[in-house]
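# Sequence first, then the predicted structure, then my questions.
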Amino acid sequence: MTLKIGIDVGGTFTDFVVARDGAEPAIFKSLSTPSDPSIAVINGLTDIAAAMDPPMSLEDFAATIDTIVHGTTVTTNATLTHTGAKCALLTTEGVRDALEMRRGIREEQYNNRYTNVRPLVPRARRAGIKGRIDREGTEVEALDLAAIESELAAWRGDGVQAVAVCFMNSFANPAHEQAAAAAVRRAMPGAYVSVSTEVLPSIRFYERVSTTALNAYVGPKLLHYLDQLVSRLSGIGFKGLLMIMQSNGGVISPQAARDKAALTLLSGPAGGPGAGLFYVGAHGQDRCITTDMGGTSFEASVAVGAPMVKNDGEIARHKLALPMLDIHTIGAGGGSIGWLDEGGLLRVGPQSAGADPGPACYGKGGELPTTTDANVVLGYLDPAFFAGGKMKLDVHAARRAIETHIARPMGLSIEEAAAGMYRVACNNMAQGVREVTIKRGFDPREFPIVPAGGAGPIHACAICDELEIPLQIVPRESSVLCAFGMLMSELKHDFVRTFVARLDSVDWERLATMVDEMARDGDTHLDEERVPAAQRRTELKLDCRYIRQYHEVSFVVPRTLVAARDAAGIAKLFHAEHERLYGYSLEQEATPIEIINVRVQAIGSTSKPGYRRDDWQGADSASALKGRRAVYVPSRKAFAEVPIYDGHAMRHGNRVDGPAMIEQVTTAIFVDASFDCVVDALGSFVLFRKGREDLVRAALGERETRETSGAVA
């Protein structure tokens, strides 16, 4: 027996998905251990081994694991909490303040109190070094190695752990950076060295120096964590393949992650969009909105055919110019704290109670009211069935926290205050969905939404009501959707090089040579990861813009067009993408097009678990009925006795009418009064707006629809 396990380390819980071909995935959760996240990984594997049939020792179980795909928030949290490495920067004389000057653009025009972000490298540890290479790659001033050695001697005595190296125009000629990096490795052999031409060899100095500094800042922390993880896994006898999730939605080896630690920044939720597409694909859909509400944060993303990728972003206002999935994150999770601002208005988040002490209802010393506490008071969570009964929730503590900090100061009842917290949290999350839909030119009403995370399906109906979304698809694995998506991910390696040329006069031979070189670099990485040639492919993208534009557009170009020197074919693709993104193109004006960067992604296919489809069982859900309890119904602004169903007992075709609750061990689904629910062949719970039987037909097919229409369990 061989297994694949997806592991997603979150701020509150660490999620596990155990996959075997032809079997329903098994879901496990363990409380995260922020001081050493690898402890929670081993704790979870221990629980899984004990739950096997028959139970196994941890060592015997580890021997059966073929692959572990692991997503980590170590680098993200280090950046957000300013707990990264003590690092220094070697750069070109005259530009050492680029990290503070940034783009020189006022980021919030109407906020006079808005201050600049604190640089990851303080000015005292940023050294400007004589030496210059021009934009063509020609050396115009020799590098001052003596000055570098002098700075390194001072930094060594100051306990510097990492050094970033980023010189002007190094993308055109890396010689100076290579010489500086060699000097660092000689003088400080224990330091983590981050070199811009190895991390991001492309144009735009600020983006490059910021990304290189980020890589240095988080590198030592990731190295320490991966060493701990590998050591602990080795200690229990794991001999399978360990892969690390990266922010572009692909996976890489631990060694590749060590070399380029910044690739794991914002990688925690990267498995979600691919998993969302998998589940909506069963309904003939190729697009979806995926949300993930965990204990600390809420992520939203859109996928159209494939997860949407952007080539730059920010983390804690620090620019990160690496390919990453377009995921919007806000501080809205189950642990988000409710509070009153200076004007007495109710707010929820972004502060979180995390895993320790956690929400007040956890009974671990937390005294502040959180979204989870509100959900307990409103009846969405059964205090005796949280985590399948492993954790008993303290209802009195939840009520006391809400009364003390929200209800009494606002002159409300505890229930009214809890309903207010729920409503504010849902509005915050709806705004997060707007960021990835309406602001990017998509109508959310045209997308099914896949709510994930342990708390996600409790709030999804309110989000859908706010945005008029008629269809939700809640997978059985929704509470661990990102971990599930990691098992669907492929090996991916991104390469970028600057290549500035007008499309109508491009040097085709030079362009083809550059593409071939990057493809060979990708093959080298895939060779190291033992990916068979038949399971490899490459994808070419060009970053282009109209002449005199500032921003460029990245779009996929078949390599055959480059081989055929087909400038007109490439231009047509660019015009179409520009039209899609901005609503216009300059094709009719025959405005010249300029290439800025060439990007190649080397992809290695991985074996993916197969999942069975359930046989039709009929509409009757009576056998899954557990009982009834009082639950707050937002659309009615009142409590009502609603039926409670055992989600694990529901089968393909089963239907319930809202309002109702569907409970599983790791999540709960609230079906509001404006929605009904059916179960599809994958076991997903399909919530559709009342009266939209056309959505049921898409989910179940004509025959099954006739049987379920009008049926009430």
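Arrived safely.
# And for residue 596, the neighbour number?
Burial measure for residue 596: 20 neighbouring residues, criterion other Cβ atoms under 10 Å. Where C-beta positions appear, they are placed from N, C-alpha and C, glycine not excepted.
# Residue 206 too?
Neighbours around residue 206, by other Cβ under 10 Å: 16.
# Now do the residue nearest to the spatial centre of the chain against residue 411, distance only.
The chain has residue 269 as the residue nearest its centroid, 2.3 Å off, counting by Cα atoms, centre = their mean. The gap separating residue 269 from residue 411 is 38 Å, by Cβ to Cβ, to the nearest Å.
# for the stretch 401-550 of the chain, what spans make up the strands?
449-452, 471-474, 491-502, 536-546 (DSSP state E, counting those that start in this stretch).
# what is the mean pLDDT for the second one?
Looking at strand 471-474 alone, the average pLDDT works out to 95.
# and that strand, what other elements does it pack with?
strand 449-452, helix 456-467, strand 685-689 (3 or more Cβ pairs under 8 Å, 6 or more residues apart in numbering; DSSP states H and E).
# Now do the buried residues in the shortest one.
The neighbour-count criterion (16 or more other Cβ atoms under 10 Å) identifies 449, 450, 451, 452 as the buried residues of strand 449-452.
# Dump these into TSV; add distance to residue 505 and pLDDT as well.
Below are the buried residues of strand 449-452 laid out as TSV (distance: Cβ to Cβ, whole Å; pLDDT from 0 to 100):
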residue	distance to residue 505	pLDDT
449	47	96
450	46	96
451	50	95
452	49	91
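# what residue ranges in this structure score low on pLDDT?
Scanning the chain for pLDDT under 70 picks out 1-2, 11, 21-23, 355, 609-612, 698-713.
# what distance separates the helix ranked longest in it from the centre of its chain?
Longest helix of the chain, by residue count under DSSP state H: helix 205-235. Helix 205-235 sits 17 Å away from the centroid of its parent chain (Cα atoms, centre = their mean, to the nearest Å).
# For the remainder of this discussion, apply numbering that starts at 42.
Understood, numbering begins at 42; the last thing we discussed is helix 246-276.
# what's the span of stretch 330-339, first residue to last?
End-to-end span of stretch 330-339 (Cα to Cα, to the nearest Å): 13 Å.
# same question but for stretch 410-421, I mixed them up
End-to-end distance (Cα to Cα), stretch 410-421: 16 Å.
# Show the contacting residues for the residue nearest to the centre of the chain.
333, 340, 342, 366, 368, 370, 523 (Cβ atoms under 8 Å, 6 or more residues apart in numbering).
# tell me the phi and psi of residue 68?
phi -120, psi 130 (degrees, to the nearest 10).
# if I pick residue 256, what's in contact with it?
Contacts of residue 256 (Cβ under 8 Å, 6+ apart): 205, 235, 240, 301, 302, 303.
# Residue 285 too?
Contacts of residue 285 (Cβ under 8 Å, 6+ apart): 111, 112, 113, 267, 292, 293, 294, 295, 297, 298, 305, 308.
# Could you do residue 342 as well?
310, 313-314, 317, 330-332, 348-349, 366-369, 477.
# Could you do residue 401 as well?
394, 407, 408, 409, 410, 411, 414, 435, 438, 439, 441, 442.
# got it, and residue 692?
Taking Cβ under 8 Å, 6+ apart, one finds 655, 658, 720, 724 in contact with residue 692.
# Tell me the spacing between the first one and residue 529.
Between residue 655 and residue 529 the computed distance is 20 Å (Cβ to Cβ).
# of these two, who's got more company?
Shown here are residue 655 and residue 529; by other Cβ under 10 Å, residue 529 has more neighbours (18 against 14).
# what's the offset of stretch 143-150 from the middle of its chain?
Using Cα atoms, centre = their mean, the offset of stretch 143-150 from its chain centre is 26 Å.
# ends of that stretch, how far apart?
With Cα to Cα, one end of stretch 143-150 sits 16 Å from the other.
# on that earlier part again, which of the contacts of residue 310 sits closest to residue 101?
residue 523 (28.1 Å; Cβ to Cβ).
# from what I can see residue 533 touches residue 643, true?
Yes. Using Cβ atoms under 8 Å, residue 533 makes contact with residue 643 at a distance of 7.3 Å.
# Those two: who's more crowded?
residue 643 (24 against 21).
# Quick check: phi and psi at residue 664.
Taking degrees, to the nearest 10 as the convention, residue 664 sits at phi -70, psi -20.
# okay, now it: neighbour count?
13.
# Might one say that residue 360 is in contact with residue 251?
Yes. Taking Cβ under 8 Å as the definition, residue 360 is a contact partner of residue 251 at 4.1 Å.
# any shared contact partners between the two?
Contacts common to residue 360 and residue 251, judged by Cβ under 8 Å, 6+ apart, are residue 143.
# These two: which has the busier surroundings?
residue 251 (25 against 21).
# Let me see the contact set for that one.
140, 143, 359, 360, 361, 362.
# Quickly list what the third one is bridged to.
Meaning residue 359. residue 356 (DSSP bridges).
# returning to that earlier point: and the contacts of residue 310, which is closest to residue 209?
residue 366 (30.6 Å).
# Hmm, that closest one is touching residue 348, no?
Yes. In this structure residue 366 lies within contact range of residue 348 using Cβ under 8 Å: 5.1 Å.
# Looking at the two, which is more packed in?
Between residue 366 and residue 348, counted using other Cβ under 10 Å, the more crowded position is residue 366 (27 against 23).
# where's the more buried one relative to residue 586, distance?
23 Å.
# ok, residue 267 touching residue 298?
Yes. Contact criterion Cβ under 8 Å: residue 267 and residue 298 qualify, at 6.6 Å.
# Let me see the contact set for the nearest residue to residue 578 once chain neighbours are set aside.
Nearest residue to residue 578, sequence neighbours excluded (Cβ to Cβ, 6 or more residues apart in numbering): residue 644, at 5.1 Å. The contact partners of residue 644, by Cβ under 8 Å, 6+ apart, come to 291, 531, 532, 533, 577, 578, 579, 580.
# which one of the residues you listed has the most neighbours?
residue 291 leads the contacts of residue 644 on contacts (other Cβ under 10 Å) with 26 neighbours.
# ok, back up a step: nearest to residue 214, of the contacts of residue 401?
residue 394 (51.3 Å).
# how deep is residue 710 tucked in, by neighbour count?
Residues near residue 710, counting by other Cβ under 10 Å: 25.
# dump the residue contacts of it.
498, 499, 501, 515, 688, 702, 703, 704, 718, 726, 728.
# what bridges to it?
Beta-bridge partners, per DSSP bridges, of residue 710: residue 703.
# Quick check, residue 177 in contact with residue 541.
No. Taking contacts as Cβ under 8 Å, residue 177 lies outside contact range of residue 541: 10.3 Å.
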